[in-house]
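Student: what follows is a protein structure lacking sequence information:
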């Protein structure tokens, strides 16, 4: 039996790669999914004939030949030797035969894949499925995710924050997780589990009634992990911790986890704990589309002399790191202060900006140097 929800998903996938009108019909000849929504629910006689006879293909030249049809090619969908439906592609049959063949094969492959995926999911425990949904799926089914959370007795109205723990010695993954769960501050509503290889992910509950939660969350997390940190020190275990963003919706957990992964990939720190909220500026800059920056600054790149572009990239990037303190920036670049000021004032004069006194000018220079560095 071909399910309507799966058929709709197949149509969405197929419509990304072809502009032809594609319909999927069930065993009763009813159109259950279509690029043209108006046709859904109508009877398709050619499909009915295919599913109830030995015919694999029906080409329709004239829409009057079969009830509810349009000119095109209709082909049986067959999985493991069983006829489960029909796919139809509208158009002149002699022109669209290659498209119809490819569409039929693609749909049969997708159906087999979805069925294998469903079988795999059924074999997983509820918690494994929950973990997969919040770490691997961009658009997890809200009802399915919340149903699983309810069955696992996880409340959604609690604020949690993710901690991605990256072990240098993967063999300690199981012991690390047990240590976390045995911690005196670990609660039943804390969600903790092992990921692939060397990772542990924890969604730690936070007390939203605590007035200084945002101000002191770093200390709260350090206290929560204190026992595990002491155990690590005794055993000589090295681990880095990437702390993501506060969330109170299961649908947002995937983004919080991605924030942890972004920290792991894009930050370098001498500290073992890295916090996303300390790197918001870098994150926002990293997700600004390059073509948008090009729309804004392309003329600057063409007009500004190359030496000034290089100065802008070097000086402004360092000024950002030093909160626009020129003395610290020149020191960080091992540049004489007067040389630094000469180049910096030249940039300010040409662009007519003063980031020390203008918030807008500061952000203008930040995004200009970001554009120049990307190019």
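Tutor: Now that the structure is in, tell me what you want to look at. These numbers come from a predicted model, not from an experiment.

Student: so which elements touch the helix or strand where residue 135 lies?
Tutor: Using DSSP states H and E, residue 135 sits in helix 126-136. Where contact means 3 or more Cβ pairs under 8 Å, 6 or more residues apart in numbering; DSSP states H and E, helix 126-136 is packed against helix 142-151, helix 253-266. For every residue, glycine as well, the C-beta is placed using N, CA and C.

Student: ok now the longest one, how far from the chain's centre?
Tutor: Going back to what we said before, that points to helix 253-266. Counting by Cα atoms, centre = their mean, to the nearest Å, helix 253-266 is centred 9 Å from the centre of its parent chain.

Student: what ranges in this protein fall below the confidence cut-off?
Tutor: Applying pLDDT under 70 to the chain flags residues 120-124, 375.

Student: between the helix holding residue 135 and helix 253-266, how big is the angle?
Tutor: Computed by axes from the mean of the first three to the mean of the last three Cα atoms, to 10 degrees, the angle separating helix 126-136 from helix 253-266 equals 60 degrees.

Student: any residues touching helix 126-136, and which ones?
Tutor: Outside helix 126-136, the residues within contact range by Cβ atoms under 8 Å, 6 or more residues apart in numbering are 121, 124, 140-141, 144-145, 148-149, 151-152, 154, 193, 195, 201, 250, 253-254, 257.

Student: and with 6 Å instead?
Tutor: Contacts with helix 126-136, where a contact means Cβ atoms under 6 Å, 6 or more residues apart in numbering, come from 121, 140, 145, 148, 151-152, 193, 253-254, 257.

Student: any chance of CSV for those residues, columns distance to residue 71 and neighbour count?
Tutor: Formatted as CSV, the contacts of helix 126-136 follow (distance: Cβ to Cβ, whole Å; neighbours: other Cβ atoms under 10 Å):
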residue, distance to residue 71, neighbour count
121, 40, 13
140, 40, 20
145, 43, 21
148, 46, 21
151, 50, 12
152, 52, 13
193, 54, 15
253, 49, 26
254, 44, 19
257, 49, 23
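
Student: quick check: the farthest pair among these?
Tutor: 151 and 257 (20.8 Å; Cβ to Cβ).

Student: picking that back up, ranking the helices and strands packed on helix 126-136 by burial, who's on top?
Tutor: helix 253-266 (a mean of 18; mean count of other Cβ atoms under 10 Å).

Student: packing partners of that helix?
Tutor: helix 126-136, strand 159-167, strand 239-243 (3 or more Cβ pairs under 6 Å, 6 or more residues apart in numbering; DSSP states H and E).

Student: how about 10 Å then?
Tutor: helix 126-136, helix 142-151, strand 159-167, strand 199-206, strand 239-243, strand 273-275, helix 280-287 (3 or more Cβ pairs under 10 Å, 6 or more residues apart in numbering; DSSP states H and E).

Student: relative to strand 159-167, how tilted is that helix?
Tutor: Going by the same axes, to 10 degrees, helix 253-266 makes 40 degrees with strand 159-167.

Student: so what does the stretch of helix or strand residue 174 belongs to touch, helix or strand wise?
Tutor: In the assignment (DSSP H and E), residue 174 maps to helix 173-182. The helices and strands touching helix 173-182, judged by 3+ Cβ pairs under 10 Å, 6+ apart, are strand 159-167, strand 191-194, strand 199-206, helix 226-235.
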